[in-house]
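Enquirer: Next come a sequence and a model predicted from it.
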Amino acid sequence: MDFVQRLGIPLPIATGALGLIVVLIVGMGFFKRKNHMPVEGRTVLITGASEGMGRSAAVQLAAKGAHVILVSRNVGRLEEALAAVRAAASSPETQRFTYISADVSEPGYAAEVIAQAIAWNGGRSPDVVWCVAGMSTPLLWTDDAAMDAARRNMDVNYWGSAEMSRAILREWLRPENAPGPAGEPRHLIFTASVLALFAIVGYGPYSPSKWALRGLADTLAMELNLYPDNPVKVHVVYPATIVSPGYERENKTKPGITLELEKDDPPETPDTVARRAIQGLERGEHFVDVSALGFLMRCGVLGGSERNNWVLDTIVGWFVPIIYFFVKKDMNAKTTAWARAHGPTGKGPHATST
Ligand SMILES: NC(=O)C1=CN([C@@H]2O[C@H](COP(=O)(O)OP(=O)(O)OC[C@H]3O[C@@H](n4cnc5c(N)ncnc54)[C@H](OP(=O)(O)O)[C@@H]3O)[C@@H](O)[C@H]2O)C=CC1
Ligand SMILES: CCCCCCCCCCCCCCCC(=O)[C@@H](N)CO
């Protein structure tokens with residue numbers, strides 16, 4: 001406490017301030033104990049639900065008692081996922097499940113999907129919509145295929161989620177669909193990536209599509225205050241590496257330097273990532289991180305975004321630049337060293353060994 005006195009701050013005020021901070025952090029944790037996203041008996045629509053994290057989320061939400069609508073393109077895989085979801089139901093006699101085959105990159109697809117979902121659901125819209133469908137084509141920005149890949153990533157990741165968000169909000173926000181200000185909020189969930197919080201070489205075609213989701217989510221979070229009688233919560237989930245079929249696909253084009261830089265990020269299974277994401281949603285978080293690195297990266301970008309815990313997120317955010325000072329130095333040096341050893345465009349998953 002010596003340094004506190006040397007700063008001229010009286011001890012009682014210093015301990016009082018410290019005590020207040022602790023009480024705020026603990027207190028805010030206490031309020032979060034409520035489940036902010038109960039799904040039992042409610043209907044959840046998930047895009048990208050036939051594989052990877054979306055499929056795991058569908059299974060886990062069925063186990064919590066939700067009716068689930070799976071959306072993706074491939075009917076064979078949807079059938080398989082549907083069987084897994086059905087098998088996980090907590091009340092198989094009352095819970096209902098179905099799938100809708102749709103391509104989220106098709107302009108206008110979402111209104112039709114929502115219409116089908118409502119028809120199946122007895123005239124009621126789904127209560128939770130989670131946009132998980134996504135893809136990644138890592139390439140160096142000057143690669144021949146990068147521009148087409150960037151447009152495709154934007155079509156699936158950004159426009160696929162943006163269209164769905166508009167279609168469902170136009171339903172949820174209708175005056176006749178208003179549960180009133182005290183009604184259970186509906187939930188609109190986007191799936192981004194930690195790469196929307198921190199960028200690394202090789203994800204030029206992908207990262208912007210996920211950053212864009214962040215901008216849309218923050219805009220909507222404020223815009224939804226216009227509809228106090230139709231409460232809706234907006235969330236963004238930020239996974240790091242998920243060992244999924246999509247991850248196998250993206251590694252086919254991943255530049256060697258990208259593989260090298262991301263190898264320190266511990267890969268997680270789709271089940272683990274889905275479970276942590278659902279826990280964060282149940283705590284009522286606006287931005288949901290699912291790993292320790294993701295937590296630091298989230299605190300590092302918050303700016304004017306909603307904070308999950310205003311005290312903790314802010315204080316952690318003050319220290320993240322110190323970590324980045326070293327991380328960026330290291331990553332920039334590794335990238336330069338890579339160019340010296342392999343030439344700047346040494347690429348492909350096996351580039352490390354050539
Ligand atoms: N894997 C990773 O390392 C990371 C992934 N993410 C993001 O998390 C989410 C889940 O990733 P992951 O578990 O790897 O998923 P996968 O890539 O393994 O599965 C993607 C799912 O989305 C569906 N999908 C893909 N394109 C379309 C489309 N055009 N229209 C409709 N459905 C489509 C697929 O089904 P079908 O082919 O039948 O259409 C499948 O169900 C994605 O948004 C991804 O960008 C974020 C961070 C890391
Ligand atoms: C303060 C914090 C320190 C930061 C240290 C950074 C370590 C590098 C982590 C890179 C992780 C990349 C995950 C990619 C996930 C993804 O979205 C793709 N697989 C999808 O294509």
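Expert: That came through, no problem. Ligands and ions are numbered 1, 2, ... in the order given.

Enquirer: Only C-alpha atoms from now on, for both contacts and neighbour counts.
Expert: OK.

Enquirer: Nearest the geometric middle of this protein, what residue?
Expert: residue 237 (1.9 Å; CA atoms, centre = their mean).

Enquirer: What lies in contact with the helix or strand harbouring that residue?
Expert: Assigned by DSSP states H and E, residue 237 belongs to strand 232-238. Surrounding strand 232-238, the residues in contact under the criterion CA atoms under 8 Å, 6 or more residues apart in numbering are 185-194, 196, 213-214, 217, 220-221, 224, 277, 281, 285-290, 294.

Enquirer: That strand: how far from the chain's middle?
Expert: Here strand 232-238 is found 7 Å from its chain centre; the criterion is CA atoms, centre = their mean, to the nearest Å.

Enquirer: wait, does that strand contact ligand 2?
Expert: No - remark: strand 232-238 sits outside contact range of ligand 2, by CA under 6 Å from any ligand atom, the gap being at least 8.3 Å.

Enquirer: Give me the mean pLDDT for that strand.
Expert: The average of the pLDDT scores along strand 232-238 is 98.

Enquirer: Next SSE downstream of it?
Expert: helix 245-250.

Enquirer: Centre of the chain to that following helix, how far?
Expert: Centre to centre, stretch against its chain (CA atoms, centre = their mean), the figure for helix 245-250 is 17 Å.

Enquirer: what is the rounded mean pLDDT of it?
Expert: 97.

Enquirer: Check what contacts it and list those residues.
Expert: Counting by CA under 8 Å, 6+ apart, 51, 52, 135, 136, 137, 138, 241 sit against helix 245-250.

Enquirer: again, only using 7 Å
Expert: 52, 135, 136, 137, 138 (CA atoms under 7 Å, 6 or more residues apart in numbering).

Enquirer: what comes up buried for that helix?
Expert: Using 16 or more other CA atoms under 10 Å as the test for burial, helix 245-250 gives residue 246.

Enquirer: And ligand 1, is it touching that?
Expert: Yes - using CA under 6 Å from any ligand atom, helix 245-250 reaches ligand 1 at 245, 246, 247.

Enquirer: Pick out whichever of those sits closest to ligand 2.
Expert: residue 247 (6.1 Å; CA to the nearest ligand atom).

Enquirer: mind checking how far the closest one is from residue 52?
Expert: Computed with CA to CA, to the nearest Å, the distance linking residue 247 and residue 52 is 9 Å.

Enquirer: Let me see the mean pLDDT of stretch 288-299.
Expert: For stretch 288-299, the mean pLDDT works out to 98.

Enquirer: where's that stretch relative to the chain centroid, distance-wise?
Expert: 11 Å.

Enquirer: C-alpha coordinates for that stretch, PDB please?
Expert: As requested, the backbone C-alpha atoms of stretch 288-299 are provided in PDB (Å, rounded to 0.1, in the frame of the first residue of the first chain):
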ATOM      1  CA  VAL A 288     -19.800 -14.300 -26.600                       C
ATOM      2  CA  ASP A 289     -16.200 -15.500 -26.400                       C
ATOM      3  CA  VAL A 290     -15.500 -19.200 -26.000                       C
ATOM      4  CA  SER A 291     -11.800 -19.400 -25.000                       C
ATOM      5  CA  ALA A 292      -9.300 -17.500 -22.900                       C
ATOM      6  CA  LEU A 293      -7.600 -16.000 -26.000                       C
ATOM      7  CA  GLY A 294     -11.100 -15.000 -27.300                       C
ATOM      8  CA  PHE A 295     -11.800 -13.300 -24.000                       C
ATOM      9  CA  LEU A 296      -8.700 -11.200 -24.200                       C
ATOM     10  CA  MET A 297      -9.300 -10.400 -27.800                       C
ATOM     11  CA  ARG A 298     -12.900  -9.400 -27.100                       C
ATOM     12  CA  CYS A 299     -11.800  -7.100 -24.300                       C
END
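
Enquirer: quick one: the helices in the protein?
Expert: 2-6, 11-31, 52-63, 75-88, 109-120, 146-153, 160-172, 207-223, 245-250, 256-262, 270-282, 292-301, 310-342 (DSSP state H).

Enquirer: winner for burial among these?
Expert: helix 52-63 (a mean of 25; mean count of other CA atoms under 10 Å).

Enquirer: coming back round to it: widest-spaced pair of the contacts of helix 245-250?
Expert: Greatest spatial distance in the contacts of helix 245-250: 52 and 138, 18.3 Å, computed using CA to CA.
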